[in-house]
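J.: No letters, just coordinates:
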């Protein structure tokens, strides 16, 4: 018996000389930015770490913060729901590219006692967020919600207090349907709000809505669903009241896409499309050899981007995001293939 035990131990020792455990890469990728896609990114980055041994540390601080950190070169990538303007691109310390990762819907979540279904028209949306429609019992609201008993209570607008791509999508839409909003407030990640209370991030806005009766605010669809907050049907350009869903979010993206993927898809012309949708992007520097950045880190970043736009898309629908259309994937492939190290493509 002792002899057999010695033989077994010797055999294991020999095997261990040849079979080594799989080592995780020493590379860690750091990103920061949008809260809009954070639930999806959390899932994707966790799966990617388990499959490839690459740790991704992502801070959901808002799109504006992500862009600022990328400009400061303190992160490997920035997450944003607001594509960079031509002026912002010129201000970046290096040429930056946008890689689309998914499509999401911005919904109007509300907390109105006794109300679980709500219709909103473009005029009513503008009126509420401009502070001109002040009560839920206002005739403009009752006219489009005739089967609902609207309480005679004040409307409390909840908006973002931080630089936000979700705010960009929301304000891009409202600027298209209201000249008054366009001229007095405009489109941007940070706005001079005419009314309301501010909260940080999509989680903060959802949290305030849950706490305050009579409130309404805008959040990405998953934040309304996960917090069990009802959200409104919005009348689109075709006059149809649309309840946000994966299908009508995808339909809204049925537009001609530019090669750089900087595109707005709000206020869609599609008959059955939800009107307040947007792509979300990861932004990186096109030339990856900067600040003594090793090639291995650049290579792992590009590998991650390729995985997100391909294998990673299978995680979108379960978290209520729409996956990238085929045309967007093709555009993303070309953008990723344009990323270089010392002027040479990292992948071909």
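T.: Perfect, thanks for sending it. In this text, all values refer to a predicted model and were calculated from it rather than measured experimentally.

J.: My guess is residue 155 contacts residue 130. True?
T.: No. The pair residue 155 / residue 130 is not scored as a contact, 11.4 Å apart, by CB atoms under 8 Å. (C-beta placed from N, C-alpha, C; glycine too.)

J.: who's more crowded, the two?
T.: residue 155 (22 against 18; other CB atoms under 10 Å).

J.: contacting residues for the more buried one?
T.: 128, 133, 134, 135, 136, 214, 215, 216 (CB atoms under 8 Å, 6 or more residues apart in numbering).

J.: Filter those residues down to the ones in helices?
T.: In helices, judged by DSSP state H, the following of the contacts of residue 155 are found: residue 128.

J.: JSON lines please, covering the contacts of residue 155 and showing neighbour count, pLDDT and distance to residue 267.
T.: What follows is the contacts of residue 155, written out as JSON lines (neighbours: other CB atoms under 10 Å; pLDDT from 0 to 100; distance: CB to CB, whole Å):
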{"residue": "128", "neighbour count": "22", "pLDDT": "98", "distance to residue 267": "17"}
{"residue": "133", "neighbour count": "18", "pLDDT": "98", "distance to residue 267": "20"}
{"residue": "134", "neighbour count": "14", "pLDDT": "98", "distance to residue 267": "25"}
{"residue": "135", "neighbour count": "14", "pLDDT": "98", "distance to residue 267": "27"}
{"residue": "136", "neighbour count": "24", "pLDDT": "98", "distance to residue 267": "25"}
{"residue": "214", "neighbour count": "16", "pLDDT": "98", "distance to residue 267": "27"}
{"residue": "215", "neighbour count": "22", "pLDDT": "98", "distance to residue 267": "25"}
{"residue": "216", "neighbour count": "25", "pLDDT": "98", "distance to residue 267": "20"}
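
J.: How many neighbouring residues does the closest residue in space to residue 333 that isn't next to it in sequence have?
T.: Distances taken as CB to CB, 6 or more residues apart in numbering put residue 309 closest to residue 333, at 7.2 Å, once the chain neighbours are dropped. Using other CB under 10 Å, residue 309 has 24 neighbouring residues.

J.: wouldn't residue 277 be in contact with residue 102 here?
T.: No. Applying CB under 8 Å, one finds residue 277 not in contact with residue 102, separated by 10.8 Å.

J.: Which neighbours do those two have in common?
T.: In contact with both residue 277 and residue 102: residue 322, using CB under 8 Å, 6+ apart.

J.: which pair in the contacts of residue 155 spans the largest distance?
T.: 133 and 215 (14.0 Å; CB to CB).

J.: Mind jotting down where the strands sit in this protein?
T.: 28-33, 55-60, 77-80, 96-111, 119-120, 156-160, 197-199, 215-220, 233-235, 241-242, 277-285, 340-341, 344-345 (DSSP state E).

J.: With residue 148 as the reference, name the closest of these.
T.: That would be strand 119-120 among the strands of the chain, by CB to CB, at 8.4 Å.

J.: re earlier: how about the contacts made by the residue nearest to residue 333?
T.: 99, 100, 101, 324, 329, 332, 333, 336.

J.: Tell me the spacing between residue 337 and residue 101.
T.: Between residue 337 and residue 101 the distance is 17 Å, computed by CB to CB, to the nearest Å.

J.: Look at those two and report which has more neighbours.
T.: Applying other CB under 10 Å to residue 337 and residue 101 shows that residue 101 carries more neighbours, namely 27 against 14.

J.: From residue 111, how far out is that one?
T.: Distance of residue 101 to residue 111, given as CB to CB: 30 Å.
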